[in-house]
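[1] curious how this folds, go ahead:
(one chain, ligands or ions: 1)
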Amino acid sequence: MEVYTEIAPLRRHLAAARGRGPVVLVPTMGALHDGHRACIDRAHAVTGATVVVSIFVNPLQFNQASDLEAYPRDNDGDLRLCAKWGVDAVFAPAGDAMYPGPQRVWVEVEDVAATLEGAHRPGHFRGVTTVVTKLFNIVQPDRAVFGQKDAQQALVVRRMVEQLNLPVELILAATVREPDGLALSSRNRRLDPDQRRRAAGIYRALRGAGERIDAGERSVERVESAVREELADRGIDAVEYAAVRRADDLSPLERIEGRVILAVAVRVGATRLIDNMVFDVTRDSVIIDTALF
Ligand code: PAF
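    Numbers count the residues shown, from 1 in each chain. Prediction:
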């Protein structure tokens, strides 16, 4: 496995690899776990793929300095895991390789980025779309893998790829969960044992909503308030949002029909956690926990 901290040698490596098959990028901020492994596995499933993992804690997408500072970092551990998982090349830009000076050019998605995370973390998505555009330009991947756990991010990047005609095919990897349902996240490392136990309530609330919808509930308002109640019962009072939206563009709706997403953001102690579940609801059937795209 080759590790690159500078752009030029990575580009030389990829120029040679490109002739042998598709280049597949898995963008990450490190502190790798089995959720990233699922993304890397999806990348390896592309025939003949050269799999590139980027590891970069992108300061532009943090709207609070304290959150950026507290974000877990484990460079040596990440490199060991990438080698074990058969990654071909890691791009872990050093120092100012990504931002040699203040960033004066931004890529910004409107509509789908403005709500939910966008509303609670001003500037977050323009930081994401700007760094993802830079990574796409640096690596020039044929495909890129994102996780469904960050569903809104996946929709925002999809919109960006569509509207800017970027020649990258997106692959979505399913959310990986702990046995009690907690979605894997680098942020889980910051939970103490009591917080960790309470955090499992997020998944219970998502499943509970699925069961209600399956039983015939179609009111968005009632499902959202049931989710908040379930979270409170499990010791999670600090709910930033618990929202049912259309799954293709996150626009609001009153009655649950078609493909919908239930997206949740909470604070457990000082740690902010997000999760979601997608439901496909027709007159005759309800599919609980399906792929976003
Ligand atoms: O999902 C993440 O880890 C980040 O938002 C990403 C896509 C690597 C951009 O910094």
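[2] just give the nearest non-adjacent residue to Leu60, would you?
    Gly127 (3.4 Å; C-beta to C-beta, 6 or more residues apart in numbering). The C-beta positions use only the backbone N, C-alpha and C, and glycine is treated the same way.
[3] so Gly95 is in which element?
    Per DSSP states H and E: Gly95 is located in neither a helix nor a strand.
[4] returning to that earlier point: so the residue nearest to Leu60 sits in a helix?
    Yes - assessed by DSSP: H, G, I helix; E, B strand; the rest coil, Gly127 belongs to a helix.
[5] got the contact list for it?
    Residues in contact with Gly127 (C-beta atoms under 8 Å, 6 or more residues apart in numbering) are 58-62.
[6] can you pull the residues of the stretch 51-200 of the chain lying near the ligand?
    Residues of the stretch 51-200 of the chain found near the ligand (C-beta under 6 Å from any ligand atom) are 58, 61, 128, 131-132, 150, 153.
[7] try it again at 8 Å.
    Residues of the stretch 51-200 of the chain lying close to the ligand (C-beta under 8 Å from any ligand atom) are 54, 56-58, 61, 127-128, 131-132, 135, 146-147, 150, 153, 157, 186.
[8] run through the strands of the stretch 51-200 of the chain in chain order.
    Ranges of strands in the stretch 51-200 of the chain, per DSSP state E, counting those that start in this stretch, are 89-91, 143-147, 169-173.
[9] turn the ones you listed into CSV, columns for mean pLDDT and mean neighbour count.
    Below are the strands of the stretch 51-200 of the chain laid out as CSV (pLDDT from 0 to 100; neighbours: other C-beta atoms under 10 Å):
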stretch, mean pLDDT, mean neighbour count
strand 89-91, 98, 24
strand 143-147, 98, 23
strand 169-173, 98, 17
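[10] tally up the residues packed near the residue in the stretch 51-200 of the chain that the ligand sits nearest to, please.
    Residue nearest to the ligand within the stretch 51-200 of the chain: Asn58 (3.9 Å; C-beta to the nearest ligand atom). Neighbours of Asn58 under the rule other C-beta atoms under 10 Å: 21.
[11] per-residue pLDDT, it?
    Confidence at Asn58, expressed as pLDDT, is 97.
[12] which ones are touching it?
    29, 98, 127-128, 131.
[13] buried sites along stretch 40-50?
    40-44, 46, 49-50 (16 or more other C-beta atoms under 10 Å).
[14] quick check on Trp85: phi, psi?
    When read as degrees, to the nearest 10, the backbone of Trp85 gives phi -90, psi 10.
[15] so it sits against Asp34, correct?
    No - under the criterion of C-beta atoms under 8 Å, Trp85 makes no contact with Asp34, lying 9.9 Å away.
[16] for these two, indicate the residue with more neighbours.
    Trp85 (20 against 15).
[17] what helix or strand is the closest residue to the more buried one other than its chain neighbours on?
    Excluding the flanking residues, the one nearest Trp85 by C-beta to C-beta, 6+ apart is Ile40, at 5.0 Å. Element membership of Ile40 [criterion: DSSP H and E] is helix 34-44.
[18] who's in contact with that helix?
    By C-beta under 8 Å, 6+ apart, helix 34-44 touches 24-26, 28, 49, 51, 53, 81-82, 85-87, 143, 145-147, 149, 171, 173-176, 183-185.
[19] let's see which of those end up in helices.
    If you go by DSSP state H, the contacts of helix 34-44 have 81-82 in helices.
[20] now do the helix holding Ile40 against strand 143-147, angle only.
    160 degrees (axes from the mean of the first three to the mean of the last three C-alpha atoms, to 10 degrees).
[21] relative to strand 169-173, how tilted is helix 34-44?
    Calculated by the same axes, to 10 degrees, helix 34-44 forms an angle of 140 degrees with strand 169-173.
[22] adjust the sequence numbering to begin at 18 for everything that follows.
    Yep, numbering from 18; the last one is helix 51-61 now.
[23] tabulate the CA atom coordinates of helix 51-61 in CSV.
    Output in CSV follows, covering the C-alpha atoms of helix 51-61 (Å, rounded to 0.1, in the frame of the first residue of the first chain):
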residue,chain,number,x,y,z
ASP,A,51,-16.2,-1.1,10.2
GLY,A,52,-18.5,1.5,8.6
HIS,A,53,-15.5,2.7,6.6
ARG,A,54,-14.6,-0.9,6.0
ALA,A,55,-18.0,-1.5,4.4
CYS,A,56,-17.3,1.4,2.0
ILE,A,57,-13.9,0.0,1.2
ASP,A,58,-15.5,-3.4,0.6
ARG,A,59,-17.9,-1.8,-1.8
ALA,A,60,-15.0,-0.2,-3.6
HIS,A,61,-13.2,-3.5,-3.9
